[in-house]
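Colleague: here are the coordinates; sequence isn't available:
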């Protein structure tokens, strides 16, 4: 009987694993359908997690929970409701201001860039002609060069066409996405309103089905995971806004073209640790170089100095050692996460790697303690 109890779960798990790999396409289809059904809940959890950072700040002793406001009966009785209302008000206001001031400038910069593409093409042609005349190159070499340029422009045209098709397909799903966002936002309100009760319920379930030491381990890991993600997400968002703002101010002062477009691009890509800054520099440099190579070099010098300042002063203050792993593991997490799940994998790979590293460190430490005993 003891042997049966020992091996039955292992055999059952092996059979289920074999059936799963034998019908992998069906399993993926079911998981995809389940993911689409649960998407509003996933969006709600993500929104609640990010906004909880702002809610905790609003409910701190410096704002709602200070002595003066706490003495007001209405505030003390409805502190969570007021905090949630202020959280969503601040968030919506920030997005509205972005759409009013930033988005139109980015659109204008993009339109200007698109309108000037034919002119840039003519400049490249003129440059090739001057090279031909000055260096006395053979027509065969020039034809080969122009053939390469033609292939590049054909590739860009195909990319543009595929992008437009993708945008068309995306617009067909706008209604579904808007509905998921709306339902997720409502769900996030409930999560924020009852977060303590939900955590307490999860703790009771954990302690009901696990031994005391295992339950405590799960709770400790959950708290550390929440701490890692909170500091990482909050720090990266704050750092991206600071870097994007400083970049915009610098580009305006140096009168570098496409300042709104480039600043938004640099700010968004800086959300990805380590490599994000370089991802943003390359397209920004090329965009500016088409307008003015001199200003592109000035941008390159400015952005490299800005990133040194950001890496040595801003990042340590804002993010600090939030993830608790070395640069090697951060870089590995970005490569693996990006290869498996694209941009989302690059963004979430670092905190997930930190959590995995935390689990591995605990297992190793426990094994070492057992061997010493």
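Modeller: Good, I have the coordinates. On a predicted model such as this, the values are computed, not experimentally measured, just so you know. Numbering: from 1, shown residues only.

Colleague: with adjacent residues omitted, what lies nearest to residue 222?
Modeller: residue 202 (8.0 Å; Cβ to Cβ, 6 or more residues apart in numbering). No exception for glycine: its C-beta is placed from N, CA and C like everyone else's.

Colleague: got any ranges where the stretch 51-200 of the chain has weak pLDDT?
Modeller: 102, 106, 109-110, 113, 116-117, 119-121, 123-176 (pLDDT under 70).

Colleague: cutoff 80 now
Modeller: 61-76, 98-99, 101-178 (pLDDT under 80).

Colleague: residues contacting stretch 339-354, please?
Modeller: 228-229, 232-233, 271-273, 275-276, 323-325, 329-330, 332-334, 336-338 (Cβ atoms under 8 Å, 6 or more residues apart in numbering).

Colleague: also stretch 17-37?
Modeller: Applying Cβ under 8 Å, 6+ apart, the contact partners of stretch 17-37 are residue 42.

Colleague: how far does it sit from the chain's center?
Modeller: 27 Å (Cα atoms, centre = their mean, to the nearest Å).

Colleague: which parts of that stretch are buried?
Modeller: When burial is assessed from 16 or more other Cβ atoms under 10 Å, stretch 17-37 yields no buried residues.

Colleague: distance check, the residue nearest to residue 222 against residue 358.
Modeller: Distance of residue 202 to residue 358, computed by Cβ to Cβ, to the nearest Å: 19 Å.

Colleague: ok, these two, which is more surrounded?
Modeller: Neighbours per residue (other Cβ atoms under 10 Å) separate residue 202 from residue 358, with residue 358 holding more: 18 against 13.

Colleague: ok, now which ones touch residue 218?
Modeller: 206, 210.

Colleague: just residue 203 next, same as before
Modeller: residue 219.

Colleague: relative to the whole chain's centre, how far out is the helix or strand encompassing residue 55?
Modeller: Using DSSP states H and E, residue 55 maps to helix 24-58. Remark: helix 24-58 is offset 15 Å from the chain centroid, using Cα atoms, centre = their mean.

Colleague: now list the buried members of the contacts of stretch 339-354.
Modeller: Judged by 16+ other Cβ under 10 Å, buried ones among the contacts of stretch 339-354: 228-229, 232-233, 271-273, 276, 323, 325, 329-330, 333-334, 337-338.

Colleague: quick one: average pLDDT of the helix or strand harbouring residue 215?
Modeller: Using DSSP H and E, the element containing residue 215 is helix 212-253. Summarised as a single mean, pLDDT over helix 212-253 is 86.

Colleague: hmm, residue 213 and residue 207 touching each other?
Modeller: No: the criterion here is Cβ atoms under 8 Å, and residue 207 misses it with residue 213 at 11.0 Å.

Colleague: out of these two, which sits in the busier spot?
Modeller: residue 207 (15 against 7).

Colleague: what's the closest non-adjacent residue to that one?
Modeller: Per Cβ to Cβ, 6+ apart, closest to residue 207 is residue 215, 4.5 Å.

Colleague: ok, how many other residues are close to that neighbour?
Modeller: 17.

Colleague: go on, residue 346?
Modeller: The number of residues near residue 346, taken as other Cβ under 10 Å, comes to 25.

Colleague: same question for residue 308.
Modeller: Other residues close to residue 308 by other Cβ under 10 Å number 10.

Colleague: element containing it, please.
Modeller: helix 293-309.

Colleague: I'd like to know which elements that helix is packed against.
Modeller: If contacts are counted by 3 or more Cβ pairs under 8 Å, 6 or more residues apart in numbering; DSSP states H and E, helix 293-309 sits against helix 212-253, helix 276-291.

Colleague: now do the last one: which elements does it pack against?
Modeller: If you count contacts as 3+ Cβ pairs under 8 Å, 6+ apart, helix 276-291 packs onto helix 103-135, helix 259-269, helix 293-309.

Colleague: next, the buried residues of it.
Modeller: Those would be 276, 277, 279, 280, 281, 284, 285, 287, 288, 289, 290, 291, for helix 276-291 by 16+ other Cβ under 10 Å.
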